[in-house]
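>>> Here is the input, now give the coordinates:
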Amino acid sequence: MMPVILEGGCVAAAEETLVKTSPVTSGRVMTVLSALARDKTNAIATRIEIGVLDGSREIPFYAGAGSFAALIPAVVYWPCILMPGQAIYARFLTPTAGDLLEVVAHGFVEPLYEPSMRHR
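Numbers count the residues shown, from 1 in each chain. Below is the predicted model of the structure:
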């Protein structure tokens, strides 16, 4: 088991914006212990949603209504397991153009157990 932080960020347009972390690498699984999303520049007055991104499928596990002041994150302590290729996402409604947005997931990774790896 190895501690890991997945991060993602972008510069927003003045529209609903999706930000995602890097995905879990092949051959690994991640236990996410907490996730946060924040606008580092201005307040988010409407809503922040956080969830698991599986390909193009969004599986939300948190949606909080604003207002979130600049630099004050929406934080979720919701343990979940990410499989290889999955990521954490945050959807921001609606940032100001030019805002710096970020999403961060804290947890740990371990090798993906597969039945073929079982000792005999």
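
>>> Run through the residues that contact the residue nearest the centre of the chain.
Within the chain, one residue has its C-alpha closest to the average C-alpha position: by C-alpha atoms, centre = their mean, that is residue 88, at 2.9 Å. Taking C-beta atoms under 8 Å, 6 or more residues apart in numbering as the definition of contact, the neighbours of residue 88 are 6, 8, 20-21, 32, 35, 50-53, 82, 103, 105. Placement of C-beta: from N, CA and C, glycine included.

>>> Find the residue closest to it in space, skipping its chain neighbours.
Closest residue to residue 88 in three dimensions, ignoring its sequence neighbours and counting by C-beta to C-beta, 6 or more residues apart in numbering: residue 105, at 4.2 Å.

>>> Name every strand pairing with the helix or strand hosting that neighbour and say which way it goes.
In the assignment (DSSP states H and E), residue 105 maps to strand 100-111. In its sheet, strand 100-111 lies beside strand 2-11 (antiparallel), strand 28-39 (antiparallel), with partners assigned from DSSP bridges.

>>> what's that strand in contact with?
Applying C-beta under 8 Å, 6+ apart, the contact partners of strand 100-111 are 1-12, 17, 19-21, 24-25, 27-41, 50, 88-90, 92, 95.

>>> tell me the SS of residue 59?
Reducing the assignment to helix, strand or coil with DSSP: H, G, I helix; E, B strand; the rest coil, the entry for residue 59 is strand.

>>> circling back: could you turn the buried ones of the contacts of strand 100-111 into a PyMOL selection?
Of the contacts of strand 100-111, the buried ones go into a single PyMOL selection, burial set by 16 or more other C-beta atoms under 10 Å:
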select buried, resi 4+6+8+9+10+12+17+19+20+21+24+29+30+32+35+36+37+38+39+50+88+89+90+92+95
